[in-house]
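>>> Sequence first, then the predicted structure:
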Amino acid sequence: MSQKEMRVVPRPPAEAIVLEPEAGKLALEGTDGPDTYRCGACKTRLMDKVGHMEVFHGEPFDAVKCPKCGKYNALPEDDHHHH
């Protein structure tokens with residue numbers, strides 16, 4: 001399992017796809033993926049047990065709003081592997 005910190009980004013434009021999980025919920029929960037993504041500001045878990053296919057080839061999204069601190073998070077730059 002690897003712990004990855006997301007990048008805190010400014011509020012995305014209105015047309016952006018933003019995942020907004022409720023407090024205590026995850027934006028994305030996989031089944032047996034190797035990665036956990038945390039809020040870049042407060043370290044709250046936002047996505048857990050996810051793999052590359054779930055994050056990059058599932059439902060598309062531009063950012064995740066942390067239910068704890070309200071910051072917007074994007075995937076780390078080095079995680080974008082374009083195939």
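Now that the structure is in, tell me what you want to look at.
>>> Quick one: mean pLDDT for stretch 59-67?
Within the predicted structure, the mean pLDDT of stretch 59-67 is 94.
>>> same deal with stretch 14-24?
Across stretch 14-24, the average pLDDT comes to 96.
>>> Just the terminal-to-terminal distance for that stretch.
25 Å (Cα to Cα, to the nearest Å).
>>> Just the residues contacting it, thanks.
Taking Cβ atoms under 8 Å, 6 or more residues apart in numbering as the criterion, the residues outside stretch 14-24 that touch it are 12, 27-28, 46, 60-65, 67-68, 72. (Glycine included, C-beta is placed from N, CA and C.)
>>> Mind picking the two most distant members of the residues you listed?
Looking at these by Cβ to Cβ, the two members farthest from one another are 60 and 68, with 23.8 Å of separation.
>>> Please say which of these two ends up with more neighbours.
A side-by-side neighbour count of residue 60 and residue 68, using other Cβ atoms under 10 Å, places residue 68 first with 15 against 7.
>>> Surely the more buried one and residue 42 touch.
Yes - distance between residue 68 and residue 42: 5.4 Å, which falls inside the contact criterion (Cβ atoms under 8 Å).
>>> give me every residue that touches residue 50.
Contacts for residue 50 were tallied using Cβ under 8 Å, 6+ apart; they are 28-30, 33, 35-37.
>>> Next one: residue 31 relative to residue 53, how far apart?
As for residue 31, its distance to residue 53 is 11 Å (criterion: Cβ to Cβ, to the nearest Å).
>>> swap that for residue 14, sorry
Plainly put, residue 14 is 29 Å away from residue 53 if you go by Cβ to Cβ.
>>> Show me which of these two is the more surrounded one.
residue 53 (10 against 6).
>>> How is that one assigned, secondary-structure-wise?
The three-state label for residue 53, taken from DSSP: H, G, I helix; E, B strand; the rest coil, comes out as helix.
>>> In this structure residue 46 contacts residue 35, no?
No - using Cβ under 8 Å as the test, residue 46 is too far from residue 35 to be in contact (11.1 Å).
>>> quick one, which of these two is more surrounded?
Set side by side, residue 46 and residue 35 give different neighbour counts by other Cβ under 10 Å, the larger being at residue 46 (25 against 18).
>>> residues in contact with that one?
Listed by Cβ under 8 Å, 6+ apart, the contact set of residue 46 reads 6, 21, 26-28, 37-39, 64, 66, 73.
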